[in-house]
Structure formats: C-alpha cells, structure tokens
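Peer 1: Kindly generate the corresponding structure for this input.
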Amino acid sequence: MKRFAEVERTTKETKIKAEFNIDGNGENDISTGIPFFDHMLTLFSVHGFFDLNLRASGDIDVDYHHTVEDVGLVLGEALAIALGNRKGIKRYGHAVTPMDDAISTVTIDLSNRPFLVYLIPELFVRQTEVYSCLFKEFFRAFSNKSGMNLHINASYGENDHHLIESIFKSFARSLDLATSVDERVKHVHSSKGLL
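Peer 2: Here you go, the predicted model:
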C-alpha cells in the first residue's frame with residue numbers, strides 16, 4: 001500500500017498544496033516564500049526520507065505566522081491521510097541530533113492524541129528570521145492535524161540557526177522511525193487494539 005497524500009488548503013490568508021510520500025527517499029521541491037522555512041522543510045524531507053512537494057503562498061507582507069502555521073496544518077493532515085489506519089507502524093520515534101554547538105531531542109507517539117511540549121532556551125525566542133514562537137505554531141498545527149504526541153526539547157546552543165536546524169532534523173528522524181512498518185505489529189501498536 002502506497003503511503004501518500006495530496007492536500008490543498010485555501011483561505012483568505014494562504015494557499016497551500018502539498019504532496020507527501022512517507023516511503024520516499026528525501027526528494028523535495030519546496031517553496032513557501034520564506035527562505036529559512038524552505039531550508040528547514042528541506043531538512044525535514046531529506047533526514048526523514050520523505051518525498052515532499054510543497055507550494056505555499058500567503059500574506060507574508062503582514063507576517064509569516066499564517067503561512068508557517070497553515071503549512072503545519074497541511075503537512076499534519078497529509079501525514080494522517082498517508083498513515084491511514086496506522087496498522088503495522090512502530091508508532092514511537094525518538095531522536096537526538098547535534099548541529100555544531102546545538103542539540104535537540106524529539107520524541108513522537110503517533111497515538112491519535114495530539115499534544116505538544118516545546119522547550120527551547122529563552123535566548124532563542126526572538127533571534128531567527130522566522131521567530132522561534134512561529135515554529136512552535138508550526139509544530140502545534142502539525143501535531144493537532146496528524147494526531148501526534150510531540151515532545152521537542154532543544155537543550156542548548158549558541159547559534160539560533162543551528163538550534164532550529166537540530167530540531168527539524170530530530171523531528172524528521174523520529175518521525176521516520178515512528179512511521180516505519182514493523183512486521184511484528186499485525187494490527188495497531190496498542191494494547192487497546194485501537195489508536
């Protein structure tokens with residue numbers, strides 16, 4: 001079964017189209033109008049081995065918020081569709097990724113119970129081109145739409161770019177693991193028999 005989804009979202013603030021393949025090899029074509037965000041989404045694709053084609057336009061003349069959050073909504077929905085009933089997946093993923101001076105840990109449970117914990121050093125809250133608080137909104141939207149319990153803990157770092165990059169790489173690697181198929185899992189990976 002191909003684990004693929006195509007999702008479109010159009011509002012008065014944004015227009016987004018995504019094609020997402022869980023079982024890819026990291027091929028991507030991404031354009032959001034926000035170069036740093038494009039870079040992070042490219043890292044997500046490459047390090048998670050997800051194929052991602054994404055086009056987004058939004059009212060970035062006002063703020064990046066709507067575009068960043070709505071891309072999270074679209075990608076979360078695409079993941080949920082591509083996973084289907086979640087039978088056979090490992091469900092859990094965990095990764096710790098350094099990027100030079102920075103390191104972060106991401107832990108995922110594809111439980112259908114969305115929740116976000118987003119811990120980053122206060123130093124980094126307002127230093128990136130796309131403020132760190134906007135990335136929190138991206139991950140919250142992704143978590144809510146995909147039904148993902150998501151814990152992000154950026155432990156330390158001196159460079160804001162490196163810190164955010166380590167988060168996206170850890171997110172990609174942990175999601176790759178959580179979406180992996182395990183032949184031992186005959187149904188859904190839950191003692192209740194349902195996610």
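Peer 1: List the contacts of the helix or strand bottoming out on mean pLDDT in the chain.
Peer 2: Lowest on mean pLDDT, DSSP states H and E among the helices and strands of the chain sits helix 132-146, with a mean of 94. Applying CB atoms under 8 Å, 6 or more residues apart in numbering, the external contacts of helix 132-146 come out as 40, 64-65, 68-77, 79-80, 83, 110, 114-116, 118, 120, 124-126, 148-150, 152, 160, 164, 167, 171. The way it works is simple: take the backbone N, C-alpha and C, and place the C-beta from them, glycine included.
Peer 1: repeat for stretch 48-56
Peer 2: The contact list for stretch 48-56, computed with CB under 8 Å, 6+ apart, reads 14-33, 41, 44-45, 67, 70-71, 74-75, 171-173, 175-176.
Peer 1: picking that back up, quick check: buried residues in the least confident helix or strand of the chain?
Peer 2: Using 16 or more other CB atoms under 10 Å as the test for burial, helix 132-146 gives 132, 134-146.
Peer 1: again, but for stretch 71-89
Peer 2: By neighbour count with 16+ other CB under 10 Å, stretch 71-89 contains the buried residues 71-83, 86, 88-89.
Peer 1: Identify, from the buried residues of helix 132-146, the entry nearest to residue 100.
Peer 2: Using CB to CB, residue 132 is the member of the buried residues of helix 132-146 that sits closest to residue 100, with 17.6 Å.
Peer 1: Would you map the strands across this structure?
Peer 2: Using DSSP state E, the strands of the chain run over 4-10, 14-21, 28-31, 51-58, 92-99, 102-109, 115-119, 149-156.
Peer 1: about what we covered before: filter the contacts of stretch 48-56 down to the buried ones.
Peer 2: 14, 16, 18-22, 24, 26, 28, 30, 32-33, 41, 44-45, 67, 70-71, 74-75, 171-173, 175-176.
Peer 1: low pLDDT regions in this protein?
Peer 2: Under the criterion pLDDT under 70, the flagged ranges of the chain are 123-131, 191.
Peer 1: any chance of the buried residues of helix 132-146 in JSON lines, with distance to residue 93 too?
Peer 2: Output for the buried residues of helix 132-146, formatted as JSON lines (distance: CB to CB, whole Å):
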{"residue": "132", "distance to residue 93": "22"}
{"residue": "134", "distance to residue 93": "24"}
{"residue": "135", "distance to residue 93": "19"}
{"residue": "136", "distance to residue 93": "20"}
{"residue": "137", "distance to residue 93": "22"}
{"residue": "138", "distance to residue 93": "18"}
{"residue": "139", "distance to residue 93": "14"}
{"residue": "140", "distance to residue 93": "18"}
{"residue": "141", "distance to residue 93": "19"}
{"residue": "142", "distance to residue 93": "14"}
{"residue": "143", "distance to residue 93": "13"}
{"residue": "144", "distance to residue 93": "18"}
{"residue": "145", "distance to residue 93": "17"}
{"residue": "146", "distance to residue 93": "13"}
